[in-house]
Structure formats: C-alpha cells, structure tokens
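K.L.:
Provide a 3D model corresponding to the input given below.
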Amino acid sequence: MTLALTPLPTVDLSTVDLFRISVEQYHAMIEAEILTTSDRVELLEGVLVYKMSKDESHVVAEESVSDAVEKQLPNTFSYRSQNPITLPDGEPEPDGAVVRGDRRTYLREGRKPGAADTFLPERLQSGVLSAATSFAGRQAGRQRR
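P.N.:
Below you'll find the predicted structure:
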C-alpha cells in the first residue's frame, strides 16, 4: 500500500498580519494549561511556531555537539539542550546553548536564562550547525549590543 502525501500550501508570512503574543501571555497560557508539553510549540519573535521533528541524524548531531562542548566548558558555564531561553519577544528552545552558571543556577534564581546569559545558541539543520539562522542567535546578538 502506497500513501501519497500532498504538501500543504505555503504562505509568505511577510504578506499577512500575524497575531503576536508577548512572553507574559505565553507564560500565562502555559500556567493555565492552554498549552502543554504535548503541543510541541515555542514562541519565536512573538509567534507560536511548531517545533521541528527530528530524525536520527539530527539526534546524533545534537548529542555529538553536546558532548564536545560540555568537555570544553569551565564550571562557571553549562550547556543546555532543547531548553527555553527567555527573550523580550519569545522563548525559543534552541538545540543547544552555552549559558552562564551551573545546571541549577536558573532553578535557584527562579527564572530561565536570558539573552545576556546565553552564548552560542544553535539550531541543527540536517545535521549541520546553523547558529547564524536561529531566532535565538539573532536575538541574543541584538541584546548584547
């Protein structure tokens, strides 16, 4: 049995008005359980976006980067994988990011890392590191200027 898949039409988002939400609204939706972990979305530049699915090559690339980076970090930094970073207009969950502090720093502080805490946010695309194209990379760069 063959299953034929028809691609969905694409929309040029620059030509449509999007309803944007704030980080505070996003957090309220999570708190009210309007959004749950099963929804697989993240807030990028004020827009809820579906998280990308991963094939095995993506998983292997992600774990390889994590292993390599963690070995090089001093204990004043840690590597986070697939965890949120709070920015003024979003809360991306990059494939990986180097952040200030140890693994429990943000739990103790009752917050998530922000742009000033984050270095090298990355998105892995087809197994290739692509920090330059990530929302988090652009945002973190803007915040530090």
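K.L.:
and the lengthiest helix in the chain, what does it pack against?
P.N.:
For the chain, the helix that runs over the most residues, judged by DSSP state H, is helix 56-72. Contact here means 3 or more C-beta pairs under 8 Å, 6 or more residues apart in numbering; DSSP states H and E; on that basis helix 56-72 packs against strand 77-80, strand 96-100, strand 124-125, strand 128-129. C-betas here are computed from N, CA, C, even on glycine.
K.L.:
so where's the chain uncertain?
P.N.:
For the chain, applying pLDDT under 70 flags the ranges 1-6, 8, 124-145.
K.L.:
from the centroid of the chain, which residue is nearest?
P.N.:
Nearest residue to the geometric centre of the chain (C-alpha atoms, centre = their mean): residue 93, 1.9 Å.
K.L.:
just the element for that residue, please.
P.N.:
Taking DSSP states H and E as the definition, residue 93 sits outside all helices and strands.
K.L.:
give the contact list for it.
P.N.:
42, 51, 82, 83, 84, 85 (C-beta atoms under 8 Å, 6 or more residues apart in numbering).
K.L.:
buried subset of these?
P.N.:
Buried members of these, scored by 16 or more other C-beta atoms under 10 Å, are 42, 84, 85.
K.L.:
mind putting these into a markdown table with distance to residue 33 and secondary structure?
P.N.:
Below are the buried ones among the contacts of residue 93 laid out as a markdown table (distance: C-beta to C-beta, whole Å; DSSP: H, G, I helix; E, B strand; the rest coil):
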| residue | distance to residue 33 | secondary structure |
| --- | --- | --- |
| 42 | 17 | strand |
| 84 | 17 | coil |
| 85 | 22 | coil |
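K.L.:
just curious, which of these is nearest to residue 11?
P.N.:
Set against residue 11, the nearest of the buried ones among the contacts of residue 93 by C-beta to C-beta is residue 42 (19.3 Å).
K.L.:
the closest one contacts residue 83, correct?
P.N.:
No - between residue 42 and residue 83 there is no contact under C-beta atoms under 8 Å: 10.7 Å.
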